[in-house]
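1. Quick check, what structure comes out for this input:
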Amino acid sequence: MFKRIFRFYRDGFRNMTWGKKLWGIILLKLFIMFAILRLFFFPDILQKKFESDEERSNHVLEQLTNP
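-> Presented below is the predicted three-dimensional model:
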């Protein structure tokens, strides 16, 4: 049963014409969203403000527990 399912998807991807290009566009968009945008718009603020892991964890704990 698993072989039949695997063959079904394998043959389906081999015979794609537009699908390969669309999957390429989807993967490119995911790469841009998670790799490029993260670098520019979501900097590691805790790394810049605090020097040790203990200071970072205390800050996060304070932020979570204070209303």
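2. per-residue pLDDT, the residue positioned nearest the centre of the chain?
-> Nearest to the geometric centre of the chain sits F34, at 4.8 Å (C-alpha atoms, centre = their mean). Per-residue pLDDT puts F34 at 89.
3. C-alpha coordinates for whichever helix or strand L46 is part of, PDB please?
-> Using DSSP states H and E, L46 maps to helix 45-49. Provided in PDB are the C-alpha atoms of helix 45-49 (Å, rounded to 0.1, in the frame of the first residue of the first chain):
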ATOM      1  CA  ILE A  45      17.200  42.100  20.900                       C
ATOM      2  CA  LEU A  46      17.900  39.900  24.000                       C
ATOM      3  CA  GLN A  47      21.400  39.200  22.600                       C
ATOM      4  CA  LYS A  48      22.100  42.900  22.300                       C
ATOM      5  CA  LYS A  49      20.700  44.100  25.600                       C
END
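4. Pull out the buried positions in the helix or strand where R56 lies.
-> For R56, the host element (DSSP H and E) is helix 53-65. Within helix 53-65, no residue counts as buried by 16 or more other C-beta atoms under 10 Å. C-betas here are computed from N, CA, C, even on glycine.
5. Please state the mean pLDDT value computed over it.
-> Helix 53-65 comes out at a mean pLDDT of 92.
6. same for the helix holding L46, what does it pack against?
-> Packing partners of helix 45-49 (3 or more C-beta pairs under 8 Å, 6 or more residues apart in numbering; DSSP states H and E): helix 53-65.
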